[in-house]
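Engineer: no sequence on this one, just coordinates:
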């Protein structure tokens, strides 16, 4: 265990005592269970953020509702900069996936900082006789009733990525939602389902061991995690890009000066070489940007995904 992470554990264990003696605590809400990618990102950056912000930093996992429970916690928090949230691109899916949210996505929450992006990878079961995107599309068009694709659930990134691909490439395939990606991977390996979009961190061990076959990644450029796998753009679907982002958010009325301080701290933390190495191992490519740039991306994605999700009539379970 690194010295940095030992320091973080010390801060968590003795945070309440330090608070009683006059220090401040920043709570980072993670709207998912522990050990997921968002949780890993938050915990990796927390030691540096503690030093840079001058606070003890506590991670609070508030899972459930596709991230909406934790997001509600943030939306109703005191806008003093002491409550933040780390989230992924699912943040922009939820207004369309749920008929009614207990918060207003635009009014109650403000983007603070980009952390990075995680291009997904299109994988197929080994029994499927395809090795390239063109072969996959030819097969699925010839056998529309023989291809089932899995995901970690209705409205998950893997579900929406495949629907985006189906919409772009004009093919049919049947969605099989699972309660999490783990069971879906098991069925992909066994051939019960034929294809999936997956985060690189979750599926790479099975690619490396030859248990599943990777045929394309979803970013505009090849990912360092799978440098020999072409992008969908390279494979003939020009302009296709699906790069789920990760970032930090705050209550909307947080003072701009405070937001700037938090943004600066996060940008410094993600520049740390140790953080970059460990996050890249999770398939996350660091992508710092200004607050305005990240805000624009969030707004564009709110519009883009609202249109696609409603067009496809997808609703969360």
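Structural biologist: The structure has been received and is ready for your questions. The model shown is predicted, which means the values in this text are computed figures rather than measured ones.

Engineer: mind listing the strands for this protein?
Structural biologist: For the chain, applying DSSP state E gives strands covering 25-30, 56-61, 83-88, 109-117, 120-125, 148-151, 174-177, 195-199, 212-217, 245-251, 285-286.

Engineer: between the ones you listed, which one is nearest to residue 316?
Structural biologist: Among these, the nearest to residue 316 by CB to CB is strand 174-177 (10.5 Å). C-beta: built from backbone N, CA, C; applies to glycine.

Engineer: which stretches of the chain have low pLDDT?
Structural biologist: 1-23 (pLDDT under 70).

Engineer: longest single helix anywhere in it?
Structural biologist: helix 291-311 (DSSP state H).

Engineer: buried residues in that one, which are they?
Structural biologist: Across helix 291-311, burial judged by 16 or more other CB atoms under 10 Å covers 291, 294, 295, 297, 298, 301, 302, 305, 306, 308, 309.

Engineer: as CSV, the residues you listed with distance to residue 133 would be great.
Structural biologist: Below are the buried residues of helix 291-311 laid out as CSV (distance: CB to CB, whole Å):
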residue, distance to residue 133
291, 36
294, 30
295, 33
297, 26
298, 29
301, 24
302, 29
305, 23
306, 27
308, 20
309, 24
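
Engineer: out of these, which is nearest to residue 83?
Structural biologist: Nearest member of the buried residues of helix 291-311 to residue 83, counting by CB to CB, is residue 291, at 17.5 Å.

Engineer: from residue 259, how far off is that closest one?
Structural biologist: Going from residue 291 to residue 259 by CB to CB, to the nearest Å gives 7 Å.

Engineer: need the residues touching each of these two.
Structural biologist: Shared contacts of residue 291 and residue 259 (CB atoms under 8 Å, 6 or more residues apart in numbering): residue 112.

Engineer: and the closest residue to residue 222 other than its chain neighbours, what are its bridge partners?
Structural biologist: Excluding the flanking residues, the one nearest residue 222 by CB to CB, 6 or more residues apart in numbering is residue 231, at 6.0 Å. Taking DSSP bridges as the rule, residue 231 bridges to residue 217.

Engineer: residues touching residue 231, list them.
Structural biologist: 119, 216, 217, 218, 219, 220, 221, 222, 240.

Engineer: could you dump these into TSV and include distance to residue 273 and neighbour count?
Structural biologist: Output for these, formatted as TSV (distance: CB to CB, whole Å; neighbours: other CB atoms under 10 Å):
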residue	distance to residue 273	neighbour count
119	21	26
216	30	25
217	24	28
218	26	25
219	22	19
220	25	15
221	21	13
222	22	16
240	32	20
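
Engineer: of those, which pair is most distant in space?
Structural biologist: Maximum distance among the contacts of residue 231 (CB to CB): 13.7 Å, for 222 and 240.

Engineer: what's the spacing between the residue nearest to residue 222 and residue 302?
Structural biologist: Taken as CB to CB, the span from residue 231 to residue 302 is 25 Å.

Engineer: kindly report the same for residue 145.
Structural biologist: Distance from residue 145 to residue 302, by CB to CB: 35 Å.

Engineer: one more: residue 248?
Structural biologist: Residue 248 is 17 Å from residue 302, by CB to CB.

Engineer: and for residue 224?
Structural biologist: 29 Å.

Engineer: now swap in residue 107 and tell me
Structural biologist: 12 Å.

Engineer: ok, now residue 230?
Structural biologist: 30 Å.

Engineer: how about residue 79?
Structural biologist: Distance check for residue 79 against residue 302: by CB to CB, it reads 21 Å.

Engineer: now do residue 261
Structural biologist: In terms of CB to CB, residue 261 sits 26 Å off from residue 302.

Engineer: check residue 86 too.
Structural biologist: Counting by CB to CB, the gap from residue 86 to residue 302 is 18 Å.

Engineer: OK, contacts around the nearest residue to residue 31 once chain neighbours are set aside?
Structural biologist: Take residue 31 and drop its neighbours on the chain: the residue closest to it by CB to CB, 6+ apart is residue 70, 2.5 Å away. With contact taken as CB under 8 Å, 6+ apart, residue 70 is in contact with 29, 30, 31, 32, 60, 61, 62, 63, 64, 85, 87.
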